[in-house]
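Enquirer: Below is the structure, and that's it, no one-letter string:
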Ligand SMILES: Cc1cc2nc3c(=O)[nH]c(=O)nc-3n(C[C@H](O)[C@H](O)[C@H](O)COP(=O)(O)OP(=O)(O)OC[C@H]3O[C@@H](n4cnc5c(N)ncnc54)[C@H](O)[C@@H]3O)c2cc1C
Ligand code: FES
């Protein structure tokens, strides 16, 4: 991992309180892969803030971060502009093991769990199905980006103002029952991940989940991001920041 001073190349406000930035960081890009994250030094806060790598442009040496304002750190980050420098540490975590990208894969994202799956869906092209859930139409993000990569996209909203009315789990079950699927990748609220894991397990479909826990050090030194996992017949605590954030869903003790 590297600490790099990175210039913000572009910035867009893509939904209420949600920002989409590209930053130049050639050293991080050289090592980065889908599903990993970076830790942002925000203002004078001692603890860095973890943000997933949404997309990687190897040619330009840039990564894309899509984040929502949740507190003081992300609020500070959202106030940064094109040309400003931010201090990033990364890439961190294990990332997704994509396997064979010529096989059909389903990507299930919920809310701010949608950005971390975008880079992983890219190499699957038209073999990717994205099922993306949001609170309402005004919170929908990245639909066109998934489509641009070749994925067929189903949007679900809690209030029915865009796409299908209801949870992502309904179209997921329909998709898995209708057509072959080699693997499911999921990122979003824990209850959604738990439901996705159960649906996949019932059908014998491989499933990887990207877990989100509150983090402090971000590098495996403090235990604040502990997650209970079945390992060699025993239940153990693993670090989401170091051993994850991506886990085989079968191993998580929900
Ligand atoms: C692996 C990983 C990837 C993430 N990717 C994204 C992303 O792509 N886009 C996005 O919008 N958000 C993402 N998050 C959530 C993001 O890290 C938090 O929203 C952010 O840290 C909140 O910081 P704050 O200062 O604004 O809020 P505060 O609540 O003021 O933060 C206080 C402290 O709690 C920690 N913290 C608070 N919420 C979280 C959280 N959900 N996860 C981890 N630490 C937290 C902060 O890092 C900080 O140390 C990710 C979290 C993890 C663990
Ligand atoms: S955040 Fe410190 S061990 Fe993971």
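Expert: Cool, got the structure. No experiment lies behind these values; they were computed from the predicted model shown. Numbering: from 1, shown residues only. Ligands and ions are numbered 1, 2, ... in the order given.
Enquirer: isn't residue 115 right up against residue 68?
Expert: No: at 9.4 Å, residue 115 does not count as touching residue 68 under the criterion of Cβ atoms under 8 Å. Yep, even glycine has a C-beta here, placed from its N, CA and C like the rest.
Enquirer: neighbour count winner among those two?
Expert: Taking neighbours as other Cβ atoms under 10 Å, residue 115 and residue 68 compare with residue 115 leading, 26 against 17.
Enquirer: Break the chain down into its structural domains.
Expert: What automatic domain parsing lists as the domains of the chain is 2-92, 105-210.
Enquirer: Minimum distance to ligand 2: which of those has it?
Expert: The closest of the domains of the chain to ligand 2 is domain 2-92. By Cβ to the nearest ligand atom, the value is 8.1 Å.
Enquirer: So the closest one, near ligand 1 or not?
Expert: Yes: using Cβ under 6 Å from any ligand atom, domain 2-92 reaches ligand 1 at 37, 47, 49-52, 66-68, 70-74.
Enquirer: In helices, which of those residues appear?
Expert: Using DSSP state H, the subset of the residues of domain 2-92 next to ligand 1 located in helices is 72, 73, 74.
Enquirer: Tell me, what's the model's pLDDT at residue 156?
Expert: On the pLDDT scale, residue 156 is placed at 98.
Enquirer: Looks like it contacts residue 163 (just checking).
Expert: Yes: the criterion here is Cβ under 8 Å, and residue 156 meets it with residue 163 at 5.4 Å.
Enquirer: who's more crowded, those two?
Expert: residue 156 (23 against 19).
Enquirer: Tell me which other helices or strands the host helix or strand of the more buried one touches.
Expert: Per DSSP states H and E, residue 156 falls inside strand 152-157. Judged by 3 or more Cβ pairs under 8 Å, 6 or more residues apart in numbering; DSSP states H and E, strand 152-157 is in contact with strand 128-134, helix 143-148, strand 164-165, helix 169-178.
Enquirer: Run me through the strand neighbours of it, direction for each.
Expert: strand 128-134 (parallel), strand 164-165 (parallel) (DSSP bridges).
Enquirer: Pick the most deeply packed of the ones you listed.
Expert: strand 128-134 (a mean of 26; mean count of other Cβ atoms under 10 Å).
Enquirer: What average pLDDT does that one get?
Expert: Averaged over strand 128-134, pLDDT sits at 98.
Enquirer: Just want the angle from it to helix 169-178.
Expert: Calculated by axes from the mean of the first three to the mean of the last three Cα atoms, to 10 degrees, strand 128-134 forms an angle of 160 degrees with helix 169-178.
Enquirer: Okay, now the unreliable bits of the stretch 151-254 of the chain?
Expert: Applying pLDDT under 70 to the stretch 151-254 of the chain picks out no residues at all.
Enquirer: what residues does it put near ligand 2?
Expert: 215, 216, 217, 218, 220, 221, 222, 223, 224, 225, 239, 241.
Enquirer: Repeat the analysis, applying 8 Å as the threshold.
Expert: By the rule Cβ under 8 Å from any ligand atom, the part of the stretch 151-254 of the chain lying against ligand 2 is 213, 215-226, 239-242.
Enquirer: which residue sits closest to residue 48, ignoring its sequence neighbours?
Expert: Setting aside the residues directly before and after it, residue 48 is nearest to residue 39 in space (Cβ to Cβ, 6 or more residues apart in numbering), at 3.6 Å.
Enquirer: Would you confirm that that neighbour contacts residue 50?
Expert: Yes: here residue 39 lies in contact with residue 50, judged by Cβ under 8 Å, at a distance of 5.5 Å.
Enquirer: in the stretch 101-250 of the chain, which spans are strands?
Expert: Secondary structure of the stretch 101-250 of the chain (DSSP state E, counting those that start in this stretch): strands at 105-110, 128-134, 152-157, 164-165, 183-187, 206-210, 226-231, 234-239, 246-248.
Enquirer: I'd like those written out as TSV, with distance to residue 80 added.
Expert: Putting those into TSV (distance: least, Cβ to Cβ, whole Å) gives the following:
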stretch	distance to residue 80
strand 105-110	25
strand 128-134	25
strand 152-157	29
strand 164-165	36
strand 183-187	24
strand 206-210	25
strand 226-231	31
strand 234-239	29
strand 246-248	28
